[in-house]
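Peer 1: have a look at this prediction, sequence included:
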Amino acid sequence: MMTLARFALAGALGIVVLALSACGGGSDTTPSGAKAPSVDAQALFRPELHDKLPKAIQDKGEIVFAGDPHPPYRVVAQDGTVTGFDPDLQKALGAVLGVKTRIEVIAGLPAALTGMKAGRFDAFNGPVKDTPAREKDFDNVVYMTSRTAYLFKQDSDVKDAADLCGKTVAYVSGSIVEGQLEGLSTWCAKATKPAVKGQPLADTNATVLSVRSGRADALGATQAGVLDIQNAAKGQYKYVLQRDEQGAGVDQLALLAPKTGGLGPVLLDAFRVLFESGQYDRIMKAYGLTDVAVDAPALNVAAKP
């Protein structure tokens with residue numbers, strides 16, 4: 001028998017369904033022009049997972065995510081409105097858990113990590129690499145993979161990632177590109193070429209500006225992010241992928257939540273619902289991310305043998 005709390009929650013979800021249909025339904029489009037996937041909140045809702053949420057989140061009825069500008073994951077308009085992959089994914093997770101989701105725009109990964117530790121944010125969806133160091137403080141819910149790509153102007157003499165040896169590459173400080181650049185520089189040294197000059201910046205917009213202004217020769221980002229920039233500025237940029245022999249590798253990308261709050265394992269279960277229902281596949285397809293999709297979500301895989 002449904003409790004009064006669950007009865008009230010189910011009633012509220014009826015309102016949520018209408019809101020989701022209005023702001024995230026099939027008539028809306030993603031930044032790339034594809035149709036954003038609709039969310040059937042009533043079908044996705046799992047009351048047993050709502051009951052597992054930390055009491056603080058149950059009480060406020062909301063999960064607050066930190067989020068920096070990072071197309072196509074988060075596109076921040078001048079009025080502060082956030083669109084893209086992240087809001088759609090979080091909306092679906094919120095539907096499973098029976099709570100609202102909200103993104104607070106921050107400057108970059110360091111601000112997200114500090115803010116989560118201070119209790120200002122409940123989670124951060126990156127995309128950020130699952131690492132043993134991060135697993136000390138955060139649960140890492142892995143739900144996609146990535147390869148690093150380098151974007152440069154059409155008239156650049158870069159033809160391969162090897163051509164970036166000795167050149168300046170802008171990247172978001174603390175992002176997965178940082179480690180990939182170290183691998184590329186190691187390869188450059190073995191090839192008796194100068195190391196790549198890394199240029200850490202606050203967010204993706206800053207890296208694009210650096211390339212556009214000539215302060216950097218290229219920018220490094222996930223392949224999905226690079227494709228979004230290239231598509232938005234038709235004919236202005238080209239890109240190359242970093243190969244395995246150049247120090248590249250497949251990174252496990254995760255959503256982070258502080259271990260102290262206990263939200264991570266519940267989000268893992270919510271992801272499982274999205275996978276089983278097909279919602280995960282629909283979201284990944286809408287944003288052209290099927291090549292970096294995984295078969296199942298996982299928790300804290302970096303420290304495992």
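Peer 2: Cool, got the structure.

Peer 1: just give the number of residues close to Pro194.
Peer 2: 11 (other CB atoms under 10 Å). Backbone N, C-alpha and C define where each C-beta goes, glycine included.

Peer 1: measure Ser268 to Ala254 for me?
Peer 2: I think there's a mix-up here, since residue 268 is Leu and not Ser. Distance, Leu268 to Ala254, by CB to CB, to the nearest Å: 10 Å.

Peer 1: which residues do the two both contact?
Peer 2: By CB atoms under 8 Å, 6 or more residues apart in numbering, Leu268 and Ala254 have these common neighbours: Val141.

Peer 1: which helix or strand contains the residue nearest in space to the middle of the chain?
Peer 2: Centre of the chain computed as the mean C-alpha position; nearest residue by CA atoms, centre = their mean is Pro127, 3.1 Å away. Per DSSP states H and E, Pro127 falls inside strand 123-129.

Peer 1: got a pLDDT number for Thr204?
Peer 2: Looking at Thr204, its pLDDT is 88.

Peer 1: quick check: chain neighbours aside, which residue is closest to it?
Peer 2: Of all residues not flanking Thr204 in the chain, His70 sits nearest, at 5.0 Å (CB to CB, 6 or more residues apart in numbering).

Peer 1: burial count for the residue lying closest to Leu241 once chain neighbours are set aside?
Peer 2: Nearest residue to Leu241 in three dimensions, chain neighbours excluded: Ala149, at 5.3 Å (CB to CB, 6+ apart). Residues near Ala149, counting by other CB under 10 Å, number 25.

Peer 1: so Ala149 is in contact with Tyr237, correct?
Peer 2: No: counting by CB atoms under 8 Å, Ala149 sits too far from Tyr237 to count as a contact (10.7 Å).

Peer 1: the residue nearest to Thr204 and Glu276, how far apart?
Peer 2: 28 Å.

Peer 1: what's the answer for Ala111, then?
Peer 2: 34 Å.

Peer 1: of the two, who's got more company?
Peer 2: Ala111 (19 against 10).

Peer 1: so that one is in which element?
Peer 2: Counting by DSSP H and E, Ala111 is found in helix 109-117.
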